[in-house]
Each structure stands twice: as structure tokens, then as C-alpha cells.
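>>> Just need the structure, nothing else, for what follows:
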Amino acid sequence: MFKDLIIVSIGSFFGGGLRFLVSKGIQTLTILSFPFGTLTVNVLGCLVIGFLSGMLATGAWLSPSMKLMLTTGLCGGFTTFSTFMHESSTMAKNEDFVTLAIYITASLVFGMIAVLAGHAVANSLR
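Numbers count the residues shown, from 1 in each chain. Below is the predicted model:
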């Protein structure tokens, strides 16, 4: 159990660092208040976990420890549901319902498309 905790922690460390860099980098490229940074990391995380889960379906190419580090650790640390919810609640409090609807819809639709695209890429590599 302690070994798994360390493995997940290592993945989370790198995932969180990557999330910070990507999210801030994307957000600095826009003048809009729309949370493109969070949307980007969440969609990219969906793409990666879709790819990993597609590849892991074969069960042959990663050890259980590496699977744990990449999925729970790296992807879990990279994506951010809590920030998504915080940004959404701020939009609701500010009564910015159009932007809120766009953000929630874009997050769900693009997230699902990314997971499916990740699966498709993984399947094409088998």
C-alpha cells in the first residue's frame, strides 16, 4: 500500500506541475476571461487517459505500478475537477449563465470526444 502511495504521489507531482504550466500558458494567450486553461488541461487529460485505457485493455504493455502512476497519478494530478467546479460556481454567482453553459457543455462534449479519440488512437496502434 505504501509503495502504491509513493507511485501515485510521483505521478501526481508531475501531473500537477504540468497542469500548472499548461493551464497558465494557455490562459496567458487569451484576453478573454473564459477559463481556456482549465478546459485545455481537462480535455488533454481525457485524451491521455482514453489512450492509456485503450492501450491497457490489452493488458500487456505496462506494469500495474506504471499503470497506477500514469492513470491515477499523472492524469489525476494533471486534470482538475475542483477548479472546473470553482470556475463554474463563480460564473453562476456572477449570473454569467451563457458562459457557464458554454463552459460546462464544452468541457463535457470535448472531454468525451477526447476520451474516444484516445481509445481510437490506441486501437489503431494495436
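>>> going forward, measure contacts and count neighbours with C-alpha atoms only.
Noted.
>>> Could I get the buried residue list for the host helix or strand of Leu21?
Secondary structure from DSSP states H and E places Leu21 in helix 2-27. When neighbours are counted by 16 or more other CA atoms under 10 Å, the buried residues of helix 2-27 are found to be 7-16, 18-19, 22-23, 26-27.
>>> now swap in stretch 34-46 and tell me
By 16+ other CA under 10 Å, the buried positions in stretch 34-46 come out as 34-46.
>>> helices and strands around the longest helix along the chain, which ones?
Of all the elements of type helix in the chain, the one with the most residues (DSSP state H) is helix 97-125. Under the contact definition 3 or more CA pairs under 8 Å, 6 or more residues apart in numbering; DSSP states H and E, helix 97-125 sits against helix 36-56, helix 81-93.
>>> In a markdown table: those, plus distance to Gly118 and mean pLDDT.
Formatted as a markdown table, these follow (distance: least, CA to CA, whole Å; pLDDT from 0 to 100):
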| stretch | distance to Gly118 | mean pLDDT |
| --- | --- | --- |
| helix 36-56 | 4 | 94 |
| helix 81-93 | 19 | 97 |
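>>> list the contacts for the nearest residue to Lys24 once chain neighbours are set aside?
Take Lys24 and drop its neighbours on the chain: the residue closest to it by CA to CA, 6 or more residues apart in numbering is Gly37, 6.2 Å away. By CA atoms under 8 Å, 6 or more residues apart in numbering, Gly37 lies in contact with 22-27.
>>> give me that answer again for 10 Å
Under the criterion of CA atoms under 10 Å, 6 or more residues apart in numbering, the contact list for Gly37 reads 19-30.
>>> Repeat that for Ile113.
Ile113 touches 43, 46-47, 50, 107, 119, counting by CA under 10 Å, 6+ apart.
>>> Low-confidence bits of this structure, can you list those?
Low-confidence regions of the chain, defined by pLDDT under 70, span residues 58-60.
>>> Kindly indicate whether the residue of the chain most remote from its centre is helix, strand or coil.
Distance from the C-alpha centroid of the chain peaks at Glu95, with 26.6 Å (CA atoms, centre = their mean). Reducing the assignment to helix, strand or coil with DSSP: H, G, I helix; E, B strand; the rest coil, the entry for Glu95 is coil.
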